[in-house]
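**Student:** Sequence plus predicted model, see below.
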Amino acid sequence: MVSRVIPVENFDLVVFGGTGDLARRKILPGLFRRYAGGHIPDAARIIGAARAEMDDAAFRAFAGAAIAEFVDEDKRQGDMVERFLAHLGYVQIDATGERGWDRLKAAVRPEVVQAFYFSVAPTLFGELAERLHRFEIARPDARIVVEKPFGRDRETARALNATLASHFTEDQIYRIDHYLGKETVQNLMAVRFANILFEPLWNARHVDHVQITVAETVGVGGRGAYYDKSGAMRDMVQNHMMQLLCLIAMEAPYKFDPAAVRDEKLKVIHALQPVHPDEIVRGQYRAGRTEPAYAQDVDNPASTTESYIALKASIANWRWKGTPFYLRTGKKLRARASEIAVVFKEVPHSIFGEAEGWRENILSIRLQPNEGMTLSVMIKEPGPGGMRLTEVPLDMSFAEALGAEGADIPDAYERLIMDVIRGNQTLFMRGDEVEAAWAWVDPIIAGWEARGDRPKPYDPGSSGPEDALMLLHRDGRRWREIRE
Ligand code: BG6
């Protein structure tokens, strides 16, 4: 299989917060991997901009260490890292003051594609946008890349949209949801819209329900201060989980193009029904034998923030009315496993009578780890003695099916950064989409606050609080096991 990568033009990418954690773990290693893959033009430049006092050499050393830590050795052969580092420069900058902006202006070339990555605290987004404009650094088609969290409710998201809009047009703004950069998430669209097979079944007549699970084994670790103010609802549901739901539920866009795809996702968000308080379970991990409880992790003994959430979402449109979408995500669960399971209905009439062993068909799309898809189908159990049924998986691991290319799944950030340079917004969230997502989430959070809701404790290494099982049991359904 020949890899066809759309080439990018020459560019200058400025990474504000270039010495921060995201730059170290994701942005710089991701750019390096693309460089090693031959996808970054020779005259491209990556400029770190941050408060730290550093020169080009020190920033290159920082990036070199990040690459050594986060990129596999087989990709770092020969002088590849050295050659990549030669593309890097650094400008010390004061995001809320005047210092460094003239130097940045001198460093950025007006004749190439310009991208400015705001990998900084959200409170600085407006400051950066305003200065890029005031110091006449950004050319009229420059792109800005904005990280999450994008606001903490609709009000703040709207204000942020307005601030950015006073300096940049919507087609210059790239709001990152890194789940959209995951290979398997994009595969959802390929599976749905490049195959005729699923579409006739993809509706409430044939789909009993959908389960979307994003389970993590990690706790909130060093991010306690941020996380305790957010919780799983703001941190995962409002963005990543809702994006997954949209990709499963949306109508076919008329074209794989930013406006068409985002219009269809927005319609799904608008069709989401308010969630009844009984249809949500919040959890918080307690202490394990050796591990601290959530409250200790975030250093807030009275915390009522959820580290787990499960909820039942309903979409009121012709395609999905009557098919619930169950969402759950949490920290410190038994396995790191993200999966979308489309659970189909029973056959209309069983010609085998009460045949033993019958199970519903399930299409399971594994996002991570072991990216792939499994369709469970019923067959006859081999052997004599009547008709007994058994379930077998039609199993496809992307790594196995695609060989080396499938095994080499790019990190979400790599893909998204290159899309910014290409000027393709399909996998980024539009301003109205983010606001609409908050509009669905806000009343849910407001309800908890008004009721003084407390999350249910759950054991680290478990599947979450017991009550989450009930959410499905009372509908006559059960969660799929969380396992790698
Ligand atoms: C981030 C959240 O957006 O996504 C984290 O802030 C979470 O809390 C992470 O751990 C999960 O991403 P991934 O790619 O590891 O599934």
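**Tutor:** Perfect, I can see it now.

**Student:** Let me know the distance separating residue 72 from residue 128.
**Tutor:** With the distance defined as C-beta to C-beta, to the nearest Å, residue 72 ends up 33 Å from residue 128. Using the backbone N, CA and C atoms, a C-beta is placed for each residue, glycine as well.

**Student:** neighbour-wise, which of these two wins?
**Tutor:** For residue 72 versus residue 128, the count of surrounding residues by other C-beta atoms under 10 Å is larger for residue 128: 23 against 9.

**Student:** Would you agree that one is in contact with residue 117?
**Tutor:** No - counting by C-beta atoms under 8 Å, residue 128 sits too far from residue 117 to count as a contact (10.1 Å).

**Student:** Report the set of residues contacting both of the two.
**Tutor:** The contact sets of residue 128 and residue 117 overlap at 16, 144 (C-beta atoms under 8 Å, 6 or more residues apart in numbering).

**Student:** Look up phi and psi at the closest residue to residue 129 other than its chain neighbours.
**Tutor:** Residue nearest to residue 129 in three dimensions, not counting chain neighbours: residue 167, with 4.4 Å by C-beta to C-beta, 6 or more residues apart in numbering. Torsion angles at residue 167 (phi, psi; degrees, to the nearest 10) stand at phi -120, psi -20.

**Student:** May I ask which helix or strand of the protein has the lowest mean pLDDT?
**Tutor:** Every helix and strand in the chain was compared by mean pLDDT, DSSP states H and E; the lowest is helix 398-407, with a mean of 67.

**Student:** what's the following helix or strand after that helix?
**Tutor:** Next helix or strand after helix 398-407 toward the C-terminus (DSSP states H and E): helix 412-422.

**Student:** which other helices and strands contact that next one?
**Tutor:** With contacts defined as 3 or more C-beta pairs under 8 Å, 6 or more residues apart in numbering; DSSP states H and E, helix 412-422 has these neighbours: strand 11-16, helix 28-36, strand 113-118, strand 143-146, strand 173-175.

**Student:** Which of the ones you listed sits closest to residue 98?
**Tutor:** Closest approach to residue 98 among those (C-beta to C-beta): strand 11-16, 15.5 Å.

**Student:** quick one: the helix or strand that the closest one is followed by to chain centroid distance?
**Tutor:** Toward the C-terminus, strand 11-16 is succeeded by helix 21-22 as the next helix or strand (DSSP H and E). Offset of helix 21-22 from its chain centre (C-alpha atoms, centre = their mean, to the nearest Å): 16 Å.

**Student:** Check stretch 180-189 too.
**Tutor:** 10 Å.

**Student:** likewise stretch 73-82?
**Tutor:** Distance, centroid of stretch 73-82 to centroid of chain: 29 Å (C-alpha atoms, centre = their mean).

**Student:** same thing with stretch 127-141?
**Tutor:** Its chain's average C-alpha position is 28 Å from that of stretch 127-141, according to C-alpha atoms, centre = their mean.

**Student:** show me where the stretch 301-450 of the chain has strands.
**Tutor:** Using DSSP state E, counting those that start in this stretch, the strands of the stretch 301-450 of the chain run over 308-313, 325-330, 337-344, 362-368, 372-380, 389-397.
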